[in-house]
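>>> Next input, structure requested:
(4 chains)
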Protein chains: 2
Amino acid sequence: MARSDTRYREAYNQILTYCETLPVAAPIPSETRLSEIAGVSRTVIRRCLTRMQELGLISWQGRDKSLLRAPQSGDRIALPRSSADKGDLEQRFLDWVLRFDVPANTPLSIAELSRNFDVPQHDLREFLAGLSRFGLVSRRPKGGWMLLGFTKDFAIELSDFRSVLELNAVAQVAEAPVGHPVWAALAKVRADHLTLKTAMETDYHEFSKLDEQFHLAINSVVKNRFIAEFQKVISLIFHYHYMWDKTAEKERNAAAIDEHLAIIDALEARDADAARAAAQRHLRTSKTTLLSSLRHHDLG
Amino acid sequence: MARSDTRYREAYNQILTYCETLPVAAPIPSETRLSEIAGVSRTVIRRCLTRMQELGLISWQGRDKSLLRAPQSGDRIALPRSSADKGDLEQRFLDWVLRFDVPANTPLSIAELSRNFDVPQHDLREFLAGLSRFGLVSRRPKGGWMLLGFTKDFAIELSDFRSVLELNAVAQVAEAPVGHPVWAALAKVRADHLTLKTAMETDYHEFSKLDEQFHLAINSVVKNRFIAEFQKVISLIFHYHYMWDKTAEKERNAAAIDEHLAIIDALEARDADAARAAAQRHLRTSKTTLLSSLRHHDLG
DNA sequence: TATTTGTTCATTATCATAAAAAACATTTGA
DNA sequence: TCAAATGTTTTTTATGATAATGAACAAATA
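Numbers count the residues shown, from 1 in each chain, chains lettered A, B, ... in the order given. Below is the predicted model:
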């Protein structure tokens, strides 16, 4: 069959809502005007008008259209149960991969994913095509898709790439002018880190959020669509791995807090070299953690 | 309708080719074995065998299959005219965008592109979905796609990102061990640069190739799938823009040669700081050139 | 002459479905 | 008997056809 008429249904209800604001017998705006109101083409509007005429809601002859009676809830048209949000797909997909430890080189079934995520097959294909640009999935020779990550090589390369991006960000922060919002953000981050440090014994698992907050602040100075796109994926992957890897979590987090603070210290002192060195130390730790979390998976 | 049977047709011909190596009356291998030979599933193989039986090429009963006569060219099955190569699409698309100066914010018609590039609509959608990860295209609110690049902002961000990647590469080259192949490559690049320099008056347009060669050599030390993926797109874009922007080409190229040589000098001296500084100078020139070529387009 | 509607044409999103793959069950013969 | 082959069923994928939508143009109105 052909495409769904969801657009028409939504437009129809929207036009009804608009008509509710009109008094009975009021003239109805032009088709072009209505199409602007509903954000659809005139074709759809004419379909709406036809139905309204059939229901006796309006009179319509040439360019004379007027409301015959106030629309009622029964006049509305049912919307097909909307499938799950498409924009959310990335998060849910990575969540699935990491939470269930989907191993590298797993064949991905579009049909199955489509069912599980409640998303049309072609949307999934589009999504996977996007991920293949990040080297996370690829097409298989006999058709279908395959999950490539998370091998050791993948983790190493991802970490290295992240380092390149973050060191660049740190360098830019060090050169940010005094009034730049990043300084306020970092001051807040520092305070939150110190607060958590005093309550470390009990709240150490809260660190995950702080980590995100810290890296977000640092990277906020970099206004670059390419970097931003990658950061999204990178931070998701690191974030999830930290979440699920529970070995020595408290010690790990305590160390990370100190590393973060060292970076902030150097930045606030406008010491670019020291900041770079501190960031390098921190990124090396991160890399080690990510790799060891993979090793656990391999063994388990 | 449904998917094409190209796979079957190709497999069939391939099996025929295999059978040509067999003597008449020879037994034919198992279905599983044949499926390995042709690289398809048993379903396809059985379809092939059925046809071969119908043509009287083989006898087939249960697991007894044997060749009745040598296959002839007339036994082969016609292949549908294969549409243009899919892997080549990226190059051709960028070529089209840059060669015809498709302006930013142009709506892209899948139908039209599909005709022009001789590629199924589905494949184009997948391709564009991939590009949207690079911020080159995006989906439009009312459906369809739109070309976003090449605005000034896009060029700036692309250049900046390229700088981040290349400076990282240069730093890694500076630390490469003596026996690393990059040194031989750079020596060759240096020699080629010097050769061109002497013939600059007439052959200055040959520089484009050298530029590619130079940046390829530098980036070859970076083994990283993410960076590699981006470099592909970046180098294509820079490459094409240089090709089409003819203003002051000779002077531009002469200056670039000296900049390249300065970088190589510093690298061979293992002076990382000097190499970084030289690379930064060169990248700044590149950025300026890219931006000015955009400005010309805006005016023309 | 600027809007509005009527009409036609082009494009997109979506689905049904044949082709292909994969999984499972049965048979065969050493 | 059991591994390998075939027979059968189920699942998945790729892809053309097509209704829904958008867009362009022509005619009409006021």
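
>>> CA atoms for contacts and neighbours, from now on please.
OK.

>>> ok, residue A:226 - how many residues close by?
19 (other Cα atoms under 10 Å in any protein chain shown).

>>> Quick check: it touching residue B:135?
Yes. Under the criterion of Cα atoms under 8 Å, residue A:226 makes contact with residue B:135 at 7.1 Å.

>>> What does the closest residue to chain B within the stretch 1-150 of chain A show for phi and psi?
Taking Cα to the nearest Cα, chain B has its nearest neighbour within the stretch 1-150 of chain A at residue A:130, 4.1 Å off. Torsion angles at residue A:130 (phi, psi; degrees, to the nearest 10) stand at phi -60, psi -50.

>>> Next, work out how far apart residue A:217 and residue A:272 are.
17 Å (Cα to Cα, to the nearest Å).

>>> ok, now residue A:53?
Separation of residue A:53 from residue A:272 (Cα to Cα): 71 Å.

>>> all strands of chain A, in order?
Remark: strands assigned in chain A by DSSP state E are A:58-61, A:64-67, A:106-108, A:137-139, A:145-147.

>>> Next one: residue A:179 from DNA strand D, what distance?
Distance of residue A:179 to DNA strand D, given as Cα to the nearest atom of the strand, to the nearest Å: 43 Å.

>>> try residue A:203
Residue A:203 sits 42 Å away from DNA strand D, going by Cα to the nearest atom of the strand.

>>> from what I can see that residue touches residue A:196, true?
Yes. Counting by Cα under 8 Å, residue A:196 is a contact partner of residue A:203 at 7.1 Å.

>>> quick one: which of the two has more around it?
Neighbours were counted for residue A:203 and for residue A:196 using other Cα under 10 Å; residue A:196 has more, 20 against 12.

>>> show me the contacts for the more buried one.
When contacts are counted by Cα atoms under 8 Å, 6 or more residues apart in numbering or on different chains, residue A:196 touches A:203, A:204, A:206, A:207.

>>> out of the residues you listed, which are buried?
A:204, A:207 (16 or more other Cα atoms under 10 Å in any protein chain shown).

>>> Remind me what the biggest helix by length in chain A packs against, helices and strands.
Secondary structure of chain A per DSSP state H: the longest helix is helix A:272-299. When contacts are defined as 3 or more Cα pairs under 8 Å, 6 or more residues apart in numbering or on different chains; DSSP states H and E, helix A:272-299 packs onto helix A:152-174, helix A:225-244, helix A:249-268.

>>> between the ones you listed, which gets nearest to residue B:178?
Comparing the helices and strands packed on helix A:272-299 against residue B:178 with Cα to Cα, the closest turns out to be helix A:152-174 (22.7 Å).

>>> Helix A:249-268 and that closest one, what's the angle between them?
Angle of helix A:152-174 versus helix A:249-268, following axes from the mean of the first three to the mean of the last three Cα atoms, to 10 degrees, is 40 degrees.

>>> got the contact list for the closest residue to DNA strand D within the stretch 151-300 of chain A?
For the stretch 151-300 of chain A and DNA strand D, the shortest gap (Cα to the nearest atom of the strand) falls at residue A:151, measuring 21.8 Å. Counting by Cα under 8 Å, 6+ apart, residue A:151 makes contact with A:104, A:294.

>>> Residue A:92 now?
So residue A:92 contacts residue A:117 (Cα under 8 Å, 6+ apart).

>>> rerun that using 10 Å as the cut-off
A:86, A:98, A:117 (Cα atoms under 10 Å, 6 or more residues apart in numbering or on different chains).

>>> show me where pLDDT drops low in chain A?
A:1, A:82-84, A:243-244, A:295-300 (pLDDT under 70).

>>> Apply 80 and report the result again.
In the predicted model, chain A carries pLDDT under 80 at residues A:1, A:80-87, A:98-99, A:101, A:149-150, A:232-233, A:236-247, A:293-300.

>>> For it, what lies in contact range of DNA strand C?
Applying Cα under 7 Å from any atom of the strand, we find that chain A lies next to DNA strand C at A:1-4, A:29-33, A:43, A:61-65, A:120, A:122, A:142-143.

>>> and chain B, which of these reach it?
For chain B, the contacts drawn from the residues of chain A next to DNA strand C by Cα under 10 Å from any Cα of the partner chain are A:122, A:142.

>>> what's the nearest residue to residue A:19 if we skip its chain neighbours?
In space, residue A:19 comes closest to residue A:71 once its chain neighbours are excluded; the distance is 7.2 Å by Cα to Cα, 6 or more residues apart in numbering or on different chains.

>>> got the strands of chain A as CSV, with mean neighbour count and distance to residue B:277 columns?
Listed next are those as CSV, based on neighbours: other Cα atoms under 10 Å in any protein chain shown; distance: least, Cα to Cα, whole Å:
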stretch, mean neighbour count, distance to residue B:277
strand A:58-61, 18, 73
strand A:64-67, 18, 72
strand A:106-108, 15, 45
strand A:137-139, 19, 37
strand A:145-147, 21, 40
